[in-house]
Each structure stands twice: as C-alpha cells, then as structure tokens.
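Visitor: fold the stuff below for me.
(2 chains)
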Amino acid sequence: MKEYMELFWVFLRIGGLTFGGGLSMLPMLKFELVEKKQWISEEELLDCYAIGQCTPGIIAVNTATYVGYKRKGIVGGVVSTLGMVVPSLLIITVIALFLEQFMDNKWLGHALKGVRAVVCALMLNTVVALAKKSFVSMFCVVWCALILVVAVCTNIPTILLVVLSGAAGILSVLYGERRKSR
Amino acid sequence: MKEMVLLFAEFFKIGLFAVGGGPATLPFLMDLTEKYDWFSMEQLTNMVAISESTPGPLGLNMATYAGVQTIGVFGGLISTMGLVIPSIIVITIIAKFMEGFSENRFVKAAFYGIRPAVTALIAAAVFGICKVSLFAVSDGQLVPEIKTILLCVFIFGLLQIKKLSKIHPVLWILSAAVIGVVFRF
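Guide: Numbers count the residues shown, from 1 in each chain, chains lettered A, B, ... in the order given. Have a look, this model is predicted:
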C-alpha cells in the first residue's frame, strides 16, 4: 500500500509542478525517478520516452503508466497515471469555470486577444521545430506537404490520415530495402 | 447522458490515435469543433493558452478544459478519463509483452510515415487557429486584425533568437495579456 501511495505522490508532484508536458518533463522525471527514488536507470527512462513517443496518447501519461507498471504491475500503472492526471483535472476545472464567468469582461477580452496572438506565435514556432526534426528525407518532406494539403482542403478525418501515413511509412521503407538488396 | 457517452468516445478515440503527445491532440480537437457545437475555434485558442500556462501535460489540460466547456465539471473528468484509458491499455500491453517495441522494424517504418504526417496535421490545425485569432469575420469576409498580427509576427521573430527561445511560454503569454490590455486589442 505504501508503495502505491508513493507512486501516486511522485507522479502527482511531477504533474503539478511541470509546465507543458512531453519533453519539458524529462528533467523533472530524471530528478524524481532516476536520482531521488532510483526506481529506474537513465537508459530505462530514455527507452520509456522512446516508447511514449511512438505510441498513441499523451507522452507524460504513457511514461507514468510505463514506470508504474514496471514497479507494481497493472495497479501501479493505473495509480501513477491517476497521480499525473489529478493536478490537471483540479487546476483546469477551476480555471475553466472561473474564466467562463468573466468572459464578458471588457479587459479580459483585450487580454485574451493579446494572448491569442502569442499562442499563434508559439504554435507556429512548435510547427517549425517539428518540421526541422521530421524532415529527414525527401519522402518525409513530400508526405508532409501532401498531408498538409489534404488536411487543409478536405474533411477527411484525422484518424484516417494517421493510419494511412503509418501504412505509407511501412511501404516506403520496404520498397527502399528491396531496391537496395537488388 | 448521451452527451457524456459521446464525449467519452471522442476523447477515447483521441487517446488512441493522437501520436506525438500534447500538440498532436490539436487537429483532433479541431475536428470536434466542426462535428459538434461543444466549443468554438476561439475557445480552442483560449484553451491552448490556458493549458500552456498552467502546470500539467498540455494534452491533459486541453482534454479537461474541453470537457468542462462541454458539460461542466463532470465533463472534464469524463474527457480526461477517455483520453487516458487507451494509454493505460496500450502501454501496459507493450510493457508486458513487447520487449524492444520501439526498436521493432515495422514500428519504426510506420513512424517514418506518421511523423511527417503529424507535423502536417499540427500545422493545419495551427493555421486554423491563426485564422480565427488574427482575423475578424464581418459580412462573411476575413478582416485582418492589424494589432494582433503585428504582435504575433513580432513574438514569432523574437522566438527565432536562440537565447529568447528558452524563455518559458508562461512569460510570453503573460506579457501578451498585458500588451493586449494596454493597447486595447
């Protein structure tokens, strides 16, 4: 029981004290899990990150589930994930309810317009960073451009595009290998 | 009740298909603005701002916010659970049965295609957000909001400077709120 509490508490702290999630959580995870608790090694943490990135879902949640499972099985995974989720749930619920009440306020309107401008800038910056990382070959550039056009111009569901892209990736790699072996 | 089931199902789908973490949920949330009248594109932009400037993973924050926006406090709980449950299932299976999952040849090959697609999907969602944030609609026509566009371009420019790019998003968001109030955006 004590160990479950500990798992919950550690991930509650990580969820409640880091901003942004994903990669920005890595230093905190390293400090808590590798250095302080010594639950996993640094290599394991990086493996876990690799798995978190190539499985669906929120990376931080995937990491919490993985570490929790490795320590205490399925219940451990669930408990760790709950710890990660609780801070978001509490903080955001309060803010969402609070903000809706003041939505008609003139000053809040001005402030939010400014905020939206910066959100655009930050998100565009994220896209640029992602593009730099994902353009590793001509295929990737072409595929990215193609999906961009399809996503902007059509209503094809996002899910379908993700699945198709996985298939295209496999075909392209297999084709490349066959050509090389010839 | 029906609304709750729908909310859970939609976020379960997002949890199952949004590969690449927080920002990858954005295109799916945009799909939702078209499919249901749960929240508007403006509200989605506010959600991104709030989620970036509060602790916790971006994706979880957005799910909670969207749920609360849709059917109140309980909605936040439902959407978050919907988002998280696929992760718990998938990761538990992988941790139990698949040693070296991320090194698997087919997994790697699939991600060779998925990664650039996710970049494109996020880019498309971001364009959508820019459209509603930087332009006003009057008589069915897009009218550029000059002040907002200038601020956006200015901050995007600043973000390209290496030293400034390390500054935490919260600080950018707070200063933009102040600028918005001072210059009456």
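Visitor: show me where chain A has its helices.
Guide: Taking DSSP state H as the criterion, chain A contains helices spanning A:2-17, A:26-29, A:42-53, A:59-101, A:106-134, A:138-153, A:158-181.
Visitor: quick one: contacts of the helix or strand of chain B with the lowest mean pLDDT?
Guide: For chain B, using mean pLDDT, DSSP states H and E, the weakest element among its helices and strands is strand B:135-138, scoring a mean of 81. The list of residues contacting strand B:135-138 from outside it, by CB atoms under 8 Å, 6 or more residues apart in numbering or on different chains, reads B:142-145. C-beta here means a position set from N, CA and C on the backbone, and glycine is covered the same way.
Visitor: any idea how far the spatially closest residue to B:Ile173 that is not a sequence neighbour is from B:Val182?
Guide: Sequence neighbours aside, B:Ser53 is the residue nearest to B:Ile173 in space, at 4.8 Å (criterion: CB to CB, 6 or more residues apart in numbering or on different chains). In this structure, B:Ser53 and B:Val182 are separated by 19 Å, where distance is defined by CB to CB, to the nearest Å.
Visitor: compare those two (neighbour count), which wins?
Guide: Neighbours were tallied for B:Ser53 and for B:Val182 using other CB atoms under 10 Å in any protein chain shown; the higher tally belongs to B:Ser53 (21 against 11).
Visitor: list the contacts of the more buried one.
Guide: Under the criterion of CB under 8 Å, 6+ apart, the neighbours of B:Ser53 are A:19, B:169-170, B:173-174.
Visitor: just the CA atoms of stretch B:97-115, as CSV, please.
Guide: The C-alpha trace of stretch B:97-115 is given here as CSV (Å, rounded to 0.1, in the frame of the first residue of the first chain):
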residue,chain,number,x,y,z
PHE,B,97,4.6,-8.4,-24.0
MET,B,98,6.8,-6.4,-26.3
GLU,B,99,10.4,-6.1,-25.3
GLY,B,100,12.1,-3.7,-27.7
PHE,B,101,8.9,-2.4,-29.1
SER,B,102,10.4,0.9,-30.2
GLU,B,103,13.2,-0.9,-31.9
ASN,B,104,10.8,-3.1,-33.9
ARG,B,105,11.4,-2.8,-37.7
PHE,B,106,7.7,-2.3,-38.6
VAL,B,107,7.0,0.1,-35.8
LYS,B,108,10.0,2.2,-36.9
ALA,B,109,8.8,2.1,-40.5
ALA,B,110,5.3,3.1,-39.6
PHE,B,111,6.7,6.1,-37.7
TYR,B,112,8.7,7.1,-40.7
GLY,B,113,5.4,7.9,-42.3
ILE,B,114,3.5,9.0,-39.2
ARG,B,115,6.0,11.6,-38.0
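Visitor: could I get the average pLDDT for it?
Guide: Stretch B:97-115 carries an average pLDDT of 83.
Visitor: which phi and psi values does B:Gln141 adopt?
Guide: phi -110, psi 150 (degrees, to the nearest 10).
Visitor: neighbours around it, how many?
Guide: Burial measure for B:Gln141: 8 neighbouring residues, criterion other CB under 10 Å.
Visitor: thanks a lot, catch you later.
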